[in-house]
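J.: sequence unavailable; structure follows:
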């Protein structure tokens with residue numbers, strides 16, 4: 001074997017397996033005095049790919065290896081070839097690893113996200129925008145009178161809440177929708193811009209009032225919501241009148257993730273479907289139907305559900321989707337059986353898209369215990385794997401469940417965009433939902449990226465963040 005130049009760098013000729021190669025690569029970076037952020041800047045490789053190499057999750061291909069070596073000062077052909085040979089031995093030394101269905105599905109979606117990293121937005125949400133008139137009462141009941149305990153005006157709208165949470169995590173987010181030129185509309189736009197959400201695709205109408213919702217919330221977590229759609233019913237009409245509908249459709253192709261939430265009007269659903277048709281096969285689509293869309297049944301939402309990759313539902317909304325569709329007779333029993341019925345319904349419609357289904361129960365704020373709160377399914381034509389979150393039995397201090405599902409969606413999408421494992425995506429979803437429940441309103445309890453590590457440890461009891469988030 002030819003002799004390599006003598007230098008303090010580690011010698012790859014003795015590498016025998018993946019663990020050995022990973023340890024040697026970390027040692028090379030240490031000797032070269034570089035970490036992942038600096039390597040990403042020097043090599044233009046995606047930071048998440050470098051984290052994968054550091055953790056041993058993946059081995060670098062030939063081009064990536066040469067780029068990394070050059071950034072660490074390794075330029076001699078003999079030495080570069082020795083590193084290539086080390087990668088080859090590491091690949092041959094181990095049997096094929098079992099990859100769970102959850103990891104396969106997440107891996108496919110994160111692969112799509114990696115391939116679209118240069119797009120203008122990480123996530124674009126298309127949905128209704130409302131001002132929530134949140135009223136906390138002791139009990140919601142018929143023929144019942146009591147004094148209001150607390151009342152607030154809170155900016156809302158499911159998709160907008162999710163984008164606000166993701167913007168706090170440092171992602172490039174945008175919203176498409178409509179408000180009126182009134183006090184509520186101006187407050188909604190100001191709040192989104194303050195949080196760093198792009199509002200270039202927001203329309204303003206002078207012919208209607210901004211949508212609002214009257215939310216009655218018990219301390220137990222039970223809620224009753226009454227929505228006045230207002231300007232939201234004019235979104236499609238105003239977009240067409242101003243010649244912006246084509247721009248909206250084109251914008252959906254400029255986001256790595258297109259996130260859809262509900263409108264009350266049929267014209268808005270048709271516009272969303274045109275935006276969905278413009279999305280490339282390599283894009284990711286997420287969908288929060290809420291009760292308004294779920295009440296239409298799965299059959300009426302067919303084009304959306306068959307293209308969706310990440311579906312966020314409360315279990316009662318899953319019941320509505322199934323009961324008011326051709327899948328209804330199969331969707332009974334435990335939550336996993338209901339999820340399996342929706343996978344089967346998609347399969348019958350020839351959907352080949354990978355799907356992650358995230359189903360929640362309404363949180364019990366009084367007990368603060370969330371053991372059955374979250375169920376996550378993974379599959380394509382069938383439900384291949386189903387898991388819950390490792391929540392334990394700890395009690396959480398919870399105040400209001402408004403917006404918890406929207407924050408949960410943000411947490412899971414943030415995990416996918418950060419290339420986290422399925423378990424860590426679930427943990428992030430749970431964490432952001434918990435934080436949202438600590439204050440009245442959908443956004444008051446949201447955290448930012450700088451607070452993530454402390455909240456991760458405090459609320460989940462896990463010592464440190466995943467390496468992808470460090």
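T.: Everything's here; your move. The structure presented is a predicted model; accordingly, all values stated were derived computationally and were not measured. Numbers count the residues shown, from 1 in each chain.
J.: mind listing the helices for the stretch 101-250 of the chain?
T.: Taking DSSP state H, counting those that start in this stretch to define them, one finds helices in the stretch 101-250 of the chain at 101-115, 158-168, 183-194, 235-241, 245-251.
J.: and these: which comes nearest residue 71?
T.: Closest approach to residue 71 among these is made by helix 101-115 (19.6 Å; C-beta to C-beta). Using the backbone N, CA and C atoms, a C-beta is placed for each residue, glycine as well.
J.: which parts of stretch 210-218 are buried?
T.: 210-213, 215-218 (16 or more other C-beta atoms under 10 Å).
J.: now, those that are in strands?
T.: 211-213, 215-218 (DSSP state E).
J.: one step back: in JSON lines, list the helices of the stretch 101-250 of the chain along with mean neighbour count and distance to residue 78.
T.: Shown next, in JSON lines, are the helices of the stretch 101-250 of the chain (neighbours: other C-beta atoms under 10 Å; distance: least, C-beta to C-beta, whole Å):
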{"stretch": "helix 101-115", "mean neighbour count": "18", "distance to residue 78": "32"}
{"stretch": "helix 158-168", "mean neighbour count": "29", "distance to residue 78": "47"}
{"stretch": "helix 183-194", "mean neighbour count": "17", "distance to residue 78": "56"}
{"stretch": "helix 235-241", "mean neighbour count": "19", "distance to residue 78": "62"}
{"stretch": "helix 245-251", "mean neighbour count": "16", "distance to residue 78": "51"}
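J.: any chance of these in a markdown table, plus mean pLDDT?
T.: Shown next, in a markdown table, are the helices of the stretch 101-250 of the chain (pLDDT from 0 to 100):
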| stretch | mean pLDDT |
| --- | --- |
| helix 101-115 | 93 |
| helix 158-168 | 97 |
| helix 183-194 | 97 |
| helix 235-241 | 94 |
| helix 245-251 | 92 |
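J.: nearest to residue 133 among the ones you listed would be which one?
T.: Short answer: helix 183-194, nearest of those by C-beta to C-beta, at 9.7 Å.
J.: circling back: residue 292: which of the helices of the stretch 101-250 of the chain is closest?
T.: The closest of the helices of the stretch 101-250 of the chain to residue 292 is helix 158-168. By C-beta to C-beta, the value is 9.8 Å.
J.: does anything pack onto the closest one? Which helices or strands?
T.: Contacts defined by 3 or more C-beta pairs under 8 Å, 6 or more residues apart in numbering; DSSP states H and E place helix 158-168 against strand 121-126, strand 173-180, helix 183-194, strand 255-261, strand 284-288, helix 404-417.
J.: on that earlier part again, out of the ones in strands among the buried residues of stretch 210-218, the closest to residue 259 would be?
T.: When these are compared against residue 259 (criterion: C-beta to C-beta), the nearest one is residue 211, at 18.4 Å.
J.: quick one: closest of the helices of the stretch 101-250 of the chain to residue 441.
T.: The closest of the helices of the stretch 101-250 of the chain to residue 441 is helix 158-168. By C-beta to C-beta, the value is 9.5 Å.
J.: could you find the closest non-adjacent residue to residue 126?
T.: residue 176 (4.6 Å; C-beta to C-beta, 6 or more residues apart in numbering).
J.: and stretch 270-277, what's buried?
T.: 271-273, 275-276.
J.: just the ones in helices from those, please.
T.: 271-273, 275-276 (DSSP state H).
J.: pLDDT score for the residue lying closest to residue 339 once chain neighbours are set aside?
T.: Closest residue in space to residue 339, ignoring its immediate chain neighbours: residue 377 at 4.4 Å, by C-beta to C-beta, 6+ apart. Residue 377 is assigned a predicted lDDT (pLDDT) of 96.
J.: need the contact list for the residue nearest in space to the middle of the chain.
T.: Note on the chain: the residue nearest the mean C-alpha position is residue 413, at 1.4 Å, using C-alpha atoms, centre = their mean. Applying C-beta atoms under 8 Å, 6 or more residues apart in numbering to residue 413 gives the contacts 123, 162, 166, 257, 259, 286, 310.
J.: residue 318: neighbouring residues, count only.
T.: Neighbour count of residue 318, defined by other C-beta atoms under 10 Å: 24.
J.: name the surrounding residues that touch stretch 336-350.
T.: Among residues not part of stretch 336-350, those counted as contacts by C-beta under 8 Å, 6+ apart are 298, 302, 305-306, 315, 318-319, 321-322, 325-327, 330-332, 353, 355, 357, 359, 375, 377, 379, 381-383, 386.
J.: in stretch 315-324, which residues are buried?
T.: For stretch 315-324, by 16+ other C-beta under 10 Å, it's 315, 317-324.
J.: next one: stretch 82-92
T.: Neighbour-count burial for stretch 82-92 [16+ other C-beta under 10 Å]: 82-84, 86-87, 89-90.
J.: pLDDT at the residue lying closest to residue 442 once chain neighbours are set aside, what is it?
T.: By the measure of C-beta to C-beta, 6+ apart, the closest residue to residue 442 outside its immediate chain neighbours is residue 403, 2.5 Å from it. Per-residue confidence at residue 403 stands at 87 (pLDDT).
J.: cool, and residue 127?
T.: Per the predicted model, pLDDT is 97 at residue 127.
J.: kindly report the same for the one 3 residues further on.
T.: The predicted local distance difference test score for residue 130 is 95.
J.: what residues are up against it?
T.: Contacts of residue 130 by C-beta under 8 Å, 6+ apart are 156-157, 210-213, 227, 230, 232.
J.: how much space separates it from residue 468?
T.: As judged by C-beta to C-beta, to the nearest Å, residue 130 and residue 468 stand 34 Å apart.
J.: can you tell me the strand partners of the helix or strand of the chain with the lowest mean pLDDT and which way each runs?
T.: One helix or strand of the chain scores below all others by mean pLDDT, DSSP states H and E: strand 223-228, with a mean of 79. Next to strand 223-228 in the sheet, as set by DSSP bridges, lie strand 211-218 (antiparallel).
J.: not counting the partner strand itself, show me its contacts.
T.: Counting by C-beta under 8 Å, 6+ apart, 128-140, 156-157, 179, 184, 223-232, 400-402, 440 sit against strand 211-218.
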